[in-house]
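1. Build me a model from this:
(3 chains)
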Amino acid sequence: MNELNPQQQLAVAHVEGPLLVLAGAGSGKTRVVTQRIAHLIDLGILPSDILAVTFTNKAAEEMRARIRSVKNVQVLTCTFHSLGARILRESIQSLGYQPNFAIYDEEDSEKLLKSCLDELQLSSQKGLLKEVRSAISTAKNNLQDPQSLAEKLIREAFSLYQGKLKEYNAVDFDDLLYLPVKLLQNNESVKELYQNRWLFLLIDEYQDTNLAQYTLAKILADKHHNLFAVGDPDQSIYSWRGARYQNILNFERDFPGAKVITLEQNYRSTNHILHAANALIEHNPNRYKKNLWSSLGDGDKIGLFIAQSERHEAEFVSQKILQHVAEQKFPYDQIAIFYRTNAQSRPFEDALLARKIPYIMIGGQSFYARREIKDLLAYLRLLVSSSDVIAFLRTINLPKRGLGPATLDKLIESAAQQNTPILTYCENPDVQLSTRQQQGLREYVQLIRHLRTRISTLKLHELLAELITGSHYIDFLKEDPETFQDRKENIDELIGKAAEWEEDHENPTLQAFLEELSLRTSTDAKANIPSVKLMTLHNSKGLEFPLVFLVGLEEDLLPHINAKDSEEKIEEERRLCYVGMTRARKILYLTLAMHRFIWGISRSMTRSRFIKELPSQHLLSLTQRPHNVQPSQHTQFTENATTAPLSAGTQVLHQQFGSGTILRCFESSFGLAYEVRFPDSETTRTLVAKFAKLRPIS
DNA sequence: TGTCTTTAGATTTTT
DNA sequence: TCTAAAGACA
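-> Below is the predicted model of the structure:
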């Protein structure tokens, strides 16, 4: 207690009633939360009476570990989505689903929705799928039923989609919030059950709750009113997922008698960093004012570097990393690189790899999103549930069993008509099938039936191995020799992970394994060696690093081009930048590139407006004078540019690529550009006229 | 039904 | 630039 400031002490000592902690960046939120739970336990409250809800799995794991290290007790800490899954596993039957329901990820639910649009004969309209998908997601996050929607097309697609989910005994991500709320709203006894199960509720990142999450929290806390919410409106960055930072501003209205505590002392960053970040966020007009201060001294100014290209930017960052490691003995794992979009990671990976700097990407393409992994998991899903049509479709032709789209349509339709789970139906189908098809289907069903008998006797990884042998999946992978080795390694890794998971869990059921995987992003932060962390700004929330590189500070990237149509979205981009800056403890670099390849074409970029919003006294320019700059491709070639226009069909000679034919001329952001086919190397390249020095062959 | 070729869309962010 | 779906054709 003595090590806490007065506001923190107040928050830690709070026991009953609603409390909102407005916790500015770096204000010691995590400590307050863990100390407060420790305090509750000291008062004799049972750990099982406490529920802590966080925004990410990672945050949940961290909180669980912290509580265990302080008090050596198990407190339930989970994300909203896993809380939803937990409630549904126990109580979904009153909504007419079976408890062994599957959880569909984005890919699965998109496939299902597509089949719905096909059925409504709407799939020809391009772009519609995405539009309907996002409309359904928004509706669920706002707790709207299909019938309540205004637009007929969306209403029908939503109805059909939701009906099929139920028929297939599956829920999508949004259902993990939407269905529990419906359940609690419509069923008094279920509501009581959960209201009495958790007497003390803690919600982290409250500014990022959407209506469904907010409602879930409100209902759960409605009996005992012991809701401890923590958040910071300046760090609300998920409005595109339906988050309403207004929830945090309305807390006192929504929870009568609520207390509010503001934490303004920052224990993380030195003052150049903190003041610059404060100045940035001040540019958001509609903001609940607060003033973060720090007693950690001025520290270093923020380094600003303007690179010629994204490669140059990555070179700079990796060089600086080596320099700091050598001079100040920063371990690699105290260093992070943040970017706006996942696509920006590539050049950094290349540069780090080239200098043998160990790194880990957080987020991005998940291990579990790989095709071969999802294939095997789909097989496993069928062991748990016979109704999972999407998993059936995914696996039925792995390897090929001669069942094409037409036949599968018939099977699925027949099964639906007879109200029979697809797998059960396939044991005895009454659809015309060729001998080959009959045999293929029989083998498939028998494989699954056989594996089911082994679930209770085999270990998880043994079951997986038997599945792989039994289905001849390896033979299927061999059909593509180019990717075979990679995919084989991934499968071995999956088997390893399954074995490991089994060791770590007391009751390692197949269903629990699948559920955890479908709710987990890729953040397997088990790094054996200290590594530099690469992640999106969204993923950086809640973390801190002594040395931070915030890269790609360019207009159209940060703020992102898609945010430019409204001031509110720009404000959210600004908060995103603020979140990134406030992760830095000691040293912060901001970088940008003058030119960047986007969709294969080089574009000129301009510096982000957010840089201009930072007071110059906190910045130190690190950009080399032009004469020191290694000539980039662009400057080098501009010197002796030849720009005489050439027309399509002209034979041309290129210094490096040899002779070729111009296929097409068009305007790029550098002016006239050509698409040229080079027969020697069998490649087609896009070349900018003024850089590429093409000579016509006469 | 299976295979090869063409084309469109993706790159905003995540559970 | 890359991938997956659609389309063409055997």
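2. Tell me where the stretch 551-698 of chain A has strands.
-> In the stretch 551-698 of chain A, the segments counted as strands under DSSP state E, counting those that start in this stretch are A:584-598, A:601-604, A:619-621, A:651-654, A:658-668, A:671-678, A:683-688, A:695-696.
3. what's the closest of the ones you listed to DNA strand B?
-> Closest approach to DNA strand B among these (Cβ to the nearest atom of the strand): strand A:584-598, 5.6 Å. Where you see a C-beta, it was placed from the backbone N, CA and C, and this is true even at glycine.
4. same for that closest one, what does it pack against?
-> Judged by 3 or more Cβ pairs under 8 Å, 6 or more residues apart in numbering; DSSP states H and E, strand A:584-598 is in contact with strand A:302-309, helix A:310-328, strand A:545-550, strand A:601-604.
5. Alpha carbons only: can I get the third one in PDB?
-> In this case it means strand A:545-550. Extracted C-alpha coordinates of strand A:545-550, given in PDB (Å, rounded to 0.1, in the frame of the first residue of the first chain):
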ATOM      1  CA  PHE A 545       8.900  -1.200 -24.000                       C
ATOM      2  CA  PRO A 546      12.000   0.800 -23.100                       C
ATOM      3  CA  LEU A 547      12.800   1.400 -26.700                       C
ATOM      4  CA  VAL A 548      10.000   1.900 -29.300                       C
ATOM      5  CA  PHE A 549      10.000   2.500 -33.100                       C
ATOM      6  CA  LEU A 550       6.800   3.900 -34.400                       C
END
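6. can you pull the buried residues of it?
-> For strand A:545-550, burial by neighbour count (16 or more other Cβ atoms under 10 Å) applies to A:F545, A:P546, A:L547, A:V548, A:F549, A:L550.
7. show me the residues around A:I136 that make contact.
-> By Cβ atoms under 8 Å, 6 or more residues apart in numbering, the contact set of A:I136 is A:L113, A:I154, A:A157, A:F158, A:Y161, A:D174.
8. Is it correct that the second one is in contact with A:V132?
-> Yes: because the distance of 5.9 Å satisfies Cβ atoms under 8 Å, A:I154 is recorded as touching A:V132.
9. could you pull out the helices for the stretch 401-550 of chain A?
-> Ranges of helices in the stretch 401-550 of chain A, per DSSP state H, counting those that start in this stretch, are A:405-417, A:422-427, A:435-454, A:460-471, A:473-478, A:481-504, A:510-519, A:537-540.
10. wait, which of these is closest to A:T215?
-> Evaluated over the helices of the stretch 401-550 of chain A, closeness to A:T215 peaks at helix A:510-519, with 20.2 Å, by Cβ to Cβ.
11. Okay, angle between that closest one and helix A:460-471 too, please.
-> When axes from the mean of the first three to the mean of the last three Cα atoms, to 10 degrees is applied, the directions of helix A:510-519 and helix A:460-471 differ by 90 degrees.
12. and helix A:510-519, what other elements does it pack with?
-> helix A:80-91, strand A:102-104, helix A:371-384, helix A:460-471, helix A:481-504.
13. same thing but at 7 Å, please
-> Judged by 3 or more Cβ pairs under 7 Å, 6 or more residues apart in numbering; DSSP states H and E, helix A:510-519 is in contact with helix A:80-91, strand A:102-104, helix A:371-384.
14. Name the SS class of the most centrally placed residue in chain A, please.
-> By Cα atoms, centre = their mean, chain A has its centre lying nearest to A:G363, at 6.0 Å. Three-state call for A:G363 (DSSP: H, G, I helix; E, B strand; the rest coil): coil.
15. Pull up the gap between the nearest residue to it once chain neighbours are set aside and A:N141, please.
-> Nearest residue to A:G363 in three dimensions, chain neighbours excluded: A:N539, at 4.6 Å (Cβ to Cβ, 6 or more residues apart in numbering). Plainly put, A:N539 is 21 Å away from A:N141 if you go by Cβ to Cβ, to the nearest Å.
16. do the same with A:P559
-> 24 Å.
17. Give the residue from the two that has the larger number of neighbours.
-> Neighbours per residue, other Cβ atoms under 10 Å: of A:P559 and A:N141, the larger number sits with A:P559, 23 against 19.
18. check contacts around the spatially closest residue to that one that is not a sequence neighbour.
-> In this structure, A:P559 finds its nearest non-sequential neighbour in A:E573, 3.7 Å apart by Cβ to Cβ, 6+ apart. Shown in contact with A:E573 (Cβ atoms under 7 Å, 6 or more residues apart in numbering): A:L558, A:P559, A:H560, A:A563.
19. burial count for the last one?
-> Just to be clear, that refers to A:A563. If you count neighbours by other Cβ under 10 Å, A:A563 ends up with 19.
20. could you check the distance from it over to DNA strand B?
-> Computed with Cβ to the nearest atom of the strand, to the nearest Å, the distance linking A:A563 and DNA strand B is 6 Å.
21. Now do the nearest residue to that residue once chain neighbours are set aside against A:K488, distance only.
-> Distance criterion Cβ to Cβ, 6+ apart; nearest residue to A:A563, sequence neighbours excluded, is A:K569 at 3.7 Å. Relative to A:K488, A:K569 is positioned 44 Å away (Cβ to Cβ).
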